[in-house]
Structures are given as C-alpha cells and as structure tokens.
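> just coords:
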C-alpha cells in the first residue's frame, strides 16, 4: 500500500525540465559554428590591424612616452633602426599588437557565443561578469606597465651609461620590450579572474588557496622570471602585483564560497519546509 502511494505521489510531482534538452547538435554543426565564429574574429583582427597600421606612427609615439621620461630634455631622445625594412616590420608588429589588444573583447564575445548554447541559464549568467572583468584586468596590467614598471626599468637601464657607452635603442627592440611587458602583465593580471572562475565550478576553495600561499609565492617568482625581461626591476614589478592579485583572489574566492554555502542552506531550508508540510 505504501509503495503504491509513493508511486502515485511521484507521478503527481512535476518533472524538472532540462534547459539543454533538444539543443544537442551533431559534431558537424558545432564545427561549422566554430568556423563561423573564428572567421568573424579573424576578420575583426585584420580590419583593426589595417586601422592600427594607418595610425602606427601615433601609437608608437604614445608608446615612446616612457622612453622620453628618462631624458631631462625629451628632444634629446633618439632611436635607430639598422636595416632598411626594420621600421616597416616594426610598424606591422605594432599594428598586430594593437589589433589584438583592441579586438580582444570582440574575440571573447565570439568565444562566449560559441560556448553559451551548451551552458545552463545560471552558468551563462555566472560567466558574463568574467567576460567583463577580463579586459578590465588586462587594461589595468597594461596601465601599470606604461605608467610605472616600464619607466622604472628604462631608468635602471639608462643608469648604466658611462661617458664612453651611451644608450641608443633600436625601434624594434624597444617595441619588443614594451609589448612583451604589456602582454605579460595583462595575462598575469587575469589571476583573480581565473581563480574565481575555478571557485565557481568548485575546483578551488578558500582553504586551498590560503594553505597554498607559500607555494603560490614561489610560483609567482618563477612566472615573473620567465615572462618578464631579465632585469630585477621588471621581475619585481611583476611579482609584487601578482602576489597582491593572489590575495585579492583569495578574498574573491571566499566571497563566492560563502555565497554558495548560503544558497545551499536556503535551498535545504526550503526543502525541509516543504517536506514538513
């Protein structure tokens, strides 16, 4: 009798609809959609590269400001190129760098558009803040290079001059130094975003990050030594912000964990209330 009553109650319960039911697609359709997204992203990067090449002189002039800061009289600044084609290819590299830098939000949007149909509604809502935070943190890393780390590194290099040995930088090498630092800092500044996203899917937690702080410090020093130029100013300038971002990530993960625990407690309370009725 009890078993029949249970079956009747189960039949009366509304079935939970799967949001992704019916959205499955064959592999070929996924590949076609991926190709379409990649083509759009590539077209955007190429168009931005053409625009950035037109204004390459202005962009390079902006990037020269940290180098000008090491001269008491900015008019004394000189850069050279030692091959006829060097400055042309430097402008091409600068245009590509500018296109990737400016086109990253659109590329990220295309990636999200490809992944979103396979996510549940709450997962899509949880992913959107990280799409917004990623370019913001990249821009913060680039600004730190432009206004702090690169001027300090250039002053360090310029301080090694003597009366016989003078600093006369090549345009390609200076651009390589500037773009390398900007990309390195921009990528490393994604640390809080990545760790918080991993906490959202329960791969890391607050206790894990807190206990692993000493290992994180060693890892940060290794990463700073690998991705930044081989000078102490650049390496320390990258290691210190990364550690601060790690501490920020710990606080962010703690907030995410508490929020999840509160949601689970609320859900359990609702279930216990409905079962008592």
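Received the coordinates, thanks. Just so it is clear, the structure is predicted and the values come from calculations on it, not from any experiment.
> if I look at residue 81, how far off is residue 72?
In this view, residue 81 and residue 72 are 25 Å apart by CB to CB, to the nearest Å. In short, each C-beta sits where N, CA and C put it, glycine included.
> what about the two, which has more around it?
More crowded of residue 81 and residue 72, by other CB atoms under 10 Å: residue 81, with 15 against 6.
> With adjacent residues omitted, what lies nearest to the more buried one?
Counting by CB to CB, 6 or more residues apart in numbering, residue 81 lies nearest to residue 87, which is 4.6 Å off, once chain neighbours are set aside.
> what ranges do the helices span in this protein?
All helices of the chain, identified by DSSP state H, fall at 2-12, 27-54, 56-63, 65-68, 86-115, 121-144, 150-158, 171-188, 191-200, 206-211, 213-227, 232-276.
> mind putting those in TSV, distance to residue 76, mean neighbour count and mean pLDDT included?
Listed next are the helices of the chain as TSV, based on distance: least, CB to CB, whole Å; neighbours: other CB atoms under 10 Å; pLDDT from 0 to 100:
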stretch	distance to residue 76	mean neighbour count	mean pLDDT
helix 2-12	85	8	47
helix 27-54	29	14	91
helix 56-63	16	15	90
helix 65-68	9	18	91
helix 86-115	20	17	88
helix 121-144	27	15	84
helix 150-158	12	18	87
helix 171-188	16	20	89
helix 191-200	39	20	87
helix 206-211	49	14	91
helix 213-227	32	14	90
helix 232-276	22	15	84
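> ok, back up a step: show me what contacts the residue nearest to residue 81?
By CB atoms under 8 Å, 6 or more residues apart in numbering, the contact set of residue 87 is 81, 171, 172.
> thinking again about what came up before, using CSV, lay out the helices of the chain together with distance to residue 164.
Listed next are these as CSV, based on distance: least, CB to CB, whole Å:
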stretch, distance to residue 164
helix 2-12, 91
helix 27-54, 39
helix 56-63, 29
helix 65-68, 22
helix 86-115, 26
helix 121-144, 35
helix 150-158, 15
helix 171-188, 21
helix 191-200, 44
helix 206-211, 52
helix 213-227, 31
helix 232-276, 24
